[in-house]
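build me a model:
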Amino acid sequence: IKTLSDLEYKQIKVYEESRGKFNQPRLYLIAAKYDYFMNNLYRNQAHVNVDHHNEFFPTKSGLPPVNYVDGATKNLHVRPPKVLETMFCRRDPKPLSCITKSGFNPFTPIIYVNGFEVKMSSVGDFVGRGVFAAVDIPKG
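Here you go, the predicted structure:
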């Protein structure tokens with residue numbers, strides 16, 4: 001993985017697949033030099049299923065054109081296997097992605113629900129209600 005990083009691959013994902021016709025799970029690696037390539041990896045299950053429905057041609061037999069690829073399976077590929085994640089996060093200094101797992105950043109202040117209020121919008125007539133901050137929210 002270090003060699004791929006040296007070759008200027010911006011994103012590298014490792015995932016484990018155990019649904020094929022193999023006797024044991026297989027480990028796969030996806031590497032991309034451009035960020036937009038990985039954007040589809042983070043799409044939700046419904047979007048992936050709709051994409052597959054629209055992109056694959058129907059087969060003569062009426063069976064699905066792919067057996068082991070669907071939105072639920074693709075969602076499993078977003079996070080690495082636990083053993084690889086543990087090895088990666090044991091590095092010193094600890095990578096930021098290990099500190100901010102699952103999108104939670106302990107360094108970002110949390111604004112609770114009582115920090116917001118619903119009121120009529122002052123943008124103009126007939127615009128309705130909006131959600132507004134009742135406290136100052138720091139930038140970042």
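
how near is the most centrally placed residue in the chain to D136?
The centre of the chain sits closest to Y42, judged by C-alpha atoms, centre = their mean, with a distance of 3.3 Å. Using C-beta to C-beta, to the nearest Å, Y42 is found at 31 Å from D136. Glycine gets a C-beta too; all of them are placed from N, C-alpha and C.

V48 - how many residues pack around it?
V48 has 19 neighbours, counted by other C-beta atoms under 10 Å.

burial count for the nearest residue to it once chain neighbours are set aside?
Counting by C-beta to C-beta, 6 or more residues apart in numbering, V48 lies nearest to G71, which is 3.7 Å off, once chain neighbours are set aside. G71 has 16 neighbours, counted by other C-beta under 10 Å.

roughly how far apart are G71 and F88?
G71 is 26 Å from F88, by C-beta to C-beta.

again with A32
Using C-beta to C-beta, A32 is found at 18 Å from F88.

so how far is stretch 128-140 from its chain's centroid?
26 Å (C-alpha atoms, centre = their mean, to the nearest Å).

how about stretch 30-45?
8 Å.

contact partners of it?
Stretch 30-45 is touched from outside by 4, 8-15, 48, 51, 70-72, 74-75, 77-78, with contacts defined as C-beta atoms under 8 Å, 6 or more residues apart in numbering.
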